[in-house]
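Trainee: Sharing a model prediction with you, sequence too.
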Amino acid sequence: MRAVWLREFGGPEVLVPGTAPDPVPGLGQVLIDVAHANITFVETQQRAGRPGPFRVTPPLIPGNGVGGTITAVGPDVDPALIGRRVVSATGGSGGYAQRAAVDTSAPIDVPAGLALDAAVALLADGRTAGMLIDAVGVRPGDRVLVEAAAGGVGSLLVQLAAHAGARVVGAAGGARKVGLLPGLGAEVAVDYRAPDWAERVRAAVGGVDVVLDGVGGAIARTAFELLDRGGRMVSFGLASGEWAAVPAEAAAARDVTLVRPDVPPARMRAYTERALAEAAAGRLRPLIGQRFPLERAAAAHAAIESRAITGKTLLDVS
C-alpha cells in the first residue's frame, strides 16, 4: 500500500512517500480503507522530535486519525461490520496510509448524511471543542474570547459558544482569517497581530468572562488581562510556540479559574459522537481550510507550521 514514512526527525521534508505492507486485521481488529487522514499540530511536533508526552520513535508511519470504510475483520470479529463508514484513532501511528488495522473498540460510525471528510475533521477537533466548552461552563450571556478562532478547534469553539448563547469575540492572525469569524457566529472579530487588539475588545464588550486560549505566549497573557473577576480560562493550543504562562498566584489574586480538564477516554469518545451528530444535523460545520494528497504530507506539515492556514488540514488518501 501507499504510505508516508517518518524515518528521522527533522523538518517537513523528512516525511517521505513510499510503500508499506498491507496490514492484516488480527484478533479483535478491523481493517479500514482510508479515504482521509487527520493531521494535528501535535504530529508536526512529533515529526520534529520535540520532547513531550506523545514523542514517537522512528521509523514509523505517522498519523493518529483516519476516516474510511471497514473492508475486512479479524477472525473473531462480526463480519457485519464490513461496509461501515467510520472514523477512528489508530493508536498513535499508521494514519498516513491507504489502510489501517485498529481495535474494534476504536472506530466510531459516521452518521448518514455526513461526509467522511467532515467527519475526519471532527474526529479530534470536535471532541476537543466540546470538552472545552463544557469544562469552562459557557453560559448564556457570557462574553467568550476565542483565540486562534479560525483554526480547526477554534472555528468549532466559536460556533459552540454562540449556540450556547454567549457573546463571542473571535481573535485570529491576519485579515483573511478575521474575515471568516462573523460567518461562524462571532459578534466581534479582531486581529491579534494588531498592537491595539485588546483595546478593541474592551471597546466592544468591556472585559470577558471566558478565555479559550489556542495561541499561548504573549497573546494568552494579554487575553488573561481582559478577564473580569471570577472569569475562567483554559488553554488548548500553543500556536505561538509556547503555552500560556499565567502564574497561579496572578489568577488567584483576580479570582480567575485556570481550568485544566481531566476527561476519561470514554467521555472523549462521547464528545466525538456528539460532534458528529451535531454536524449531521447541520448545527456544527467543520472548517476544512486545505487538503493535500497523501504523497504531499510534507507540504501539509509545512503549511500548518507556516500559521497561514485556516481550519482543518486533511490528507486525501483515496
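Mentor: Sure, I can see it.
Trainee: from here on, contacts and neighbour counts on C-alpha atoms
Mentor: Will do.
Trainee: Look at R229 and give its secondary structure.
Mentor: Under DSSP: H, G, I helix; E, B strand; the rest coil, the three-state class of R229 is strand.
Trainee: I should have written V210 there, sorry.
Mentor: strand.
Trainee: thinking it is in contact with R143, fair?
Mentor: Yes: using CA atoms under 8 Å, V210 is in contact with R143, at 6.4 Å.
Trainee: how close does R269 sit to L81?
Mentor: In this view, R269 and L81 are 19 Å apart by CA to CA, to the nearest Å.
Trainee: just R50 next, same as before
Mentor: Taking CA to CA, one finds R50 at 38 Å from L81.
Trainee: same question, A244
Mentor: 44 Å.
Trainee: neighbour count winner among the two?
Mentor: A244 (24 against 15; other CA atoms under 10 Å).
Trainee: Contact partners for the more buried one?
Mentor: D213, V215, G216, G217, A218, A220, R221, S235, L238 (CA atoms under 8 Å, 6 or more residues apart in numbering).
Trainee: mind showing which ranges of the stretch 151-300 of the chain have poor pLDDT?
Mentor: Residues of the stretch 151-300 of the chain that meet the criterion pLDDT under 70 lie in 240.
Trainee: Can you show me the strands along it?
Mentor: 167-172, 188-191, 208-213, 227-235, 257-259, 288-293 (DSSP state E, counting those that start in this stretch).
Trainee: Reformat these into CSV and put mean neighbour count and distance to L276 next to each item.
Mentor: What follows is the strands of the stretch 151-300 of the chain, written out as CSV (neighbours: other CA atoms under 10 Å; distance: least, CA to CA, whole Å):
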stretch, mean neighbour count, distance to L276
strand 167-172, 28, 23
strand 188-191, 23, 27
strand 208-213, 26, 22
strand 227-235, 20, 23
strand 257-259, 17, 25
strand 288-293, 16, 15
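Trainee: what's the single longest helix in this protein?
Mentor: helix 265-280 (DSSP state H).
Trainee: Could I get the buried residue list for that one?
Mentor: Residues of helix 265-280 classed as buried: M268, R269, Y271, T272, E273, A275, L276, A277, E278, A279, A280 (neighbour count, 16 or more other CA atoms under 10 Å).
Trainee: This structure: helices as residue ranges?
Mentor: Taking DSSP H as the criterion, the chain carries its helices at 41-48, 116-123, 125-136, 152-163, 175-184, 197-205, 217-226, 248-253, 265-280, 297-306.
Trainee: Not counting sequence-adjacent ones, nearest residue to R254?
Mentor: R229 (5.4 Å; CA to CA, 6 or more residues apart in numbering).
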